[in-house]
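In: What shape does this take:
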Amino acid sequence: MKIRAASWKPRLWQAWVLAVTLIGRAESHDPFCWAQLSDPQIGMTSISADMASFFQAVKQVNLLAPAFAIVCGDLVHRPDDVSFASFNAVRATCRVRLYAVPGERDVTLKLRNDAMDQFRSLIGSETFSFTHNGFRFIGIHSDLFKMPIPVETDNHLAWIEKELLQTRWDACKPVMVSHHPLFVERLDEPESWLNIPTAHRSQLWGLYRQYRVQAVLSGHLRRYAGIRLQDILMVTAESVTATMDQSPTGFRLWFSDGSRLTGCRFIPLYRRIPPENPVTPGTDITTQETAETCIANLRFLDAAKEWTGMLQGLSNNSEINPERLRDHVAGDIGQITCPDGGIYTLNPLGSDPACSVPGHVLPSVYAAQEPERRAVMQPMYRNRLLPAGLPVVESNTRPESGAQSRNALD
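Out: Sure thing, here's the model as predicted:
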């Protein structure tokens, strides 16, 4: 039988693409971590106060020394020159590359082309796309789906699909970044201020499923929300300046072992107690504030310990040498001290670091603020890696109990 060229050439092309993809997936990359920050919204409280909180977050990012950092929108409260200059002043202190996407506050609550031009001139492009150790990070402008602009919204959707297609050619695992989450609890939840409208939500979700997106990082809620749906992690980060549910402010630290995402940890900001204005020893204020500061330190040491263990290829119950911890974390670990004079013990990998002061333990500050979740949350703090068996939540069901709790993915 004579076979026409047109019948087998496409098959050869498809086989070649499949082979390249499979080879790329088999390739091993170095472990790395990155920081997810959200909603500094400088000027919401006051420019000086919000700059101070954002600066503290950047200081802690610098100390952890991730590969890069990402800000999930709402950089400022009002899109004026002073607010953007304040954001850029703090951004300049970040020692790692910091990427950002806009939120609705950055381009005015009613999206306009001139507001987008202002963002581009003062901050940079409203989108980004880059590859790092086998993952491709794609930052999108979600305001174009909340407040569509004819032609521009369609062009943006086409750009997203083009970037996702490129991950196939490059054999990279895509991670999406936006300001607005696709949804908060259910894929089919009603449209609201919190999520992306249903029509564009459906389009984006279809692309994310088609191109096997690994995770979607977002902000906007000013509180934590996390869920896994059909093997895609959806994580909304806390604000670095003020949260909506009065939970601690901070950022997320993500980990990859070189082939997959292995963890997403919350790093609270240190609670600052001005030395020139001390509180009276023995008062409730002293106990609460020093405990919060110490617990923030413990969370930092816990993340640094996990990062060191991953780089050294250690398993749970392995001892961590403090000197090796210094090798893999920027800055002076000796600066991390308990304000009550407690002694820190790192403990083996898989166990929480500890402070000698009674009451300075990791779950206490969160359990105190969310007592109804104590039974669910405390075991979660003992998980070092993302549970491989985390159940898939279908779009027509609500999350399992605790799936929306603060550290369900920690």
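
In: out of everything not next to it in sequence, what's closest to Ile42?
Out: Asp50 (4.4 Å; CB to CB, 6 or more residues apart in numbering). All C-beta spots, glycine's among them, are computed from the backbone N, C-alpha and C.

In: Oh, that last question was meant for Thr93, not what I typed.
Out: Among residues not flanking Thr93 along the chain, Val58 sits closest, at 5.5 Å (CB to CB, 6+ apart).

In: How about the helix or strand encompassing that neighbour, which residues are buried there?
Out: Secondary structure from DSSP states H and E places Val58 in helix 47-64. For helix 47-64, the neighbour count (16 or more other CB atoms under 10 Å) marks 47, 50-64 as buried.

In: Kindly report the same for stretch 129-140.
Out: 129, 132-140.

In: got TSV for the residues you listed, with pLDDT, distance to Asn347 and secondary structure too?
Out: Listed next are these as TSV, based on pLDDT from 0 to 100; distance: CB to CB, whole Å; DSSP: H, G, I helix; E, B strand; the rest coil:
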residue	pLDDT	distance to Asn347	secondary structure
Ser129	96	40	strand
His132	95	31	strand
Asn133	93	29	coil
Gly134	93	31	coil
Phe135	95	30	strand
Arg136	96	36	strand
Phe137	97	33	strand
Ile138	97	38	strand
Gly139	97	37	strand
Ile140	96	40	coil
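
In: just the strands in the stretch 251-400 of the chain please.
Out: Using DSSP state E, counting those that start in this stretch, the strands of the stretch 251-400 of the chain run over 261-268, 344-345, 354-355.

In: which stretch in these is the model least sure about?
Out: Among these, strand 261-268 carries the lowest mean pLDDT, a mean of 84.

In: Can you spell out which helices and strands pack onto that strand?
Out: Where contact means 3 or more CB pairs under 8 Å, 6 or more residues apart in numbering; DSSP states H and E, strand 261-268 is packed against strand 232-236, strand 250-256, helix 284-312.

In: Now do the contacts for Thr241.
Out: Applying CB atoms under 8 Å, 6 or more residues apart in numbering, we find Thr241 in contact with 39-42, 44-45, 49-50, 53-54, 249.

In: can you do 6 Å?
Out: By CB atoms under 6 Å, 6 or more residues apart in numbering, Thr241 lies in contact with 40, 50, 53.

In: same check, this time on Arg223
Out: Contacts of Arg223 (CB under 6 Å, 6+ apart): 243-245.

In: of those residues, closest to Gln312?
Out: Checking the contacts of Arg223 against Gln312 by CB to CB gives Thr243 as the nearest, at 34.1 Å.

In: Against Asp114, how distant is that closest one?
Out: Thr243 sits 32 Å away from Asp114, taking CB to CB, to the nearest Å as the criterion.

In: Tell me which of the helices and strands packed on strand 261-268 sits most buried.
Out: Ranked by mean neighbour count, the helices and strands packed on strand 261-268 are led by strand 250-256 with a mean of 25 (mean count of other CB atoms under 10 Å).

In: Name the surrounding residues that touch it.
Out: With contact meaning CB under 6 Å, 6+ apart, strand 250-256 is reached by 32-37, 57, 237-238, 240, 262-269, 303.

In: rerun that using 8 Å as the cut-off
Out: Identification of contacts with strand 250-256 by CB under 8 Å, 6+ apart yields 29, 31-38, 57, 60-61, 64, 66, 133-135, 215, 217, 235, 237-238, 240, 261-269, 296, 303, 306-307, 310.

In: just stretch 352-362 next, same as before
Out: Contacts to stretch 352-362, defined as CB under 8 Å, 6+ apart, come from residues 287, 291, 294-295, 297-299, 301-302, 305, 338, 340-347, 381-382.

In: hmm, 7 Å instead?
Out: With contact meaning CB atoms under 7 Å, 6 or more residues apart in numbering, stretch 352-362 is reached by 291, 294-295, 298-299, 301-302, 305, 338, 340, 342-347, 381-382.

In: cool, stretch 120-132 as well?
Out: Counting by CB under 7 Å, 6+ apart, 32, 67, 75, 84, 99-102, 116, 119, 136-141, 163, 170, 172 sit against stretch 120-132.

In: May I have that stretch as PDB, with CA atoms only?
Out: Extracted as PDB, the C-alpha positions of stretch 120-132 are listed here (Å, rounded to 0.1, in the frame of the first residue of the first chain):
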ATOM      1  CA  ARG A 120       3.900  50.400  33.100                       C
ATOM      2  CA  SER A 121       5.800  53.600  33.400                       C
ATOM      3  CA  LEU A 122       6.200  53.600  37.200                       C
ATOM      4  CA  ILE A 123       6.400  49.900  38.000                       C
ATOM      5  CA  GLY A 124       7.000  48.000  34.700                       C
ATOM      6  CA  SER A 125       5.000  45.500  32.600                       C
ATOM      7  CA  GLU A 126       1.700  44.300  34.100                       C
ATOM      8  CA  THR A 127       2.600  40.800  33.000                       C
ATOM      9  CA  PHE A 128       5.700  38.600  33.300                       C
ATOM     10  CA  SER A 129       6.900  35.200  32.200                       C
ATOM     11  CA  PHE A 130      10.200  33.500  33.100                       C
ATOM     12  CA  THR A 131      11.600  30.000  33.600                       C
ATOM     13  CA  HIS A 132      13.400  28.800  36.600                       C
END
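
In: And the helices in the stretch 1-150 of the chain?
Out: Taking DSSP state H, counting those that start in this stretch as the criterion, the stretch 1-150 of the chain carries its helices at 5-26, 47-64, 81-91, 113-122, 143-146.

In: hang on, the earlier thing: quick one: the helix holding Val58 to helix 81-91, angle?
Out: 20 degrees (axes from the mean of the first three to the mean of the last three CA atoms, to 10 degrees).
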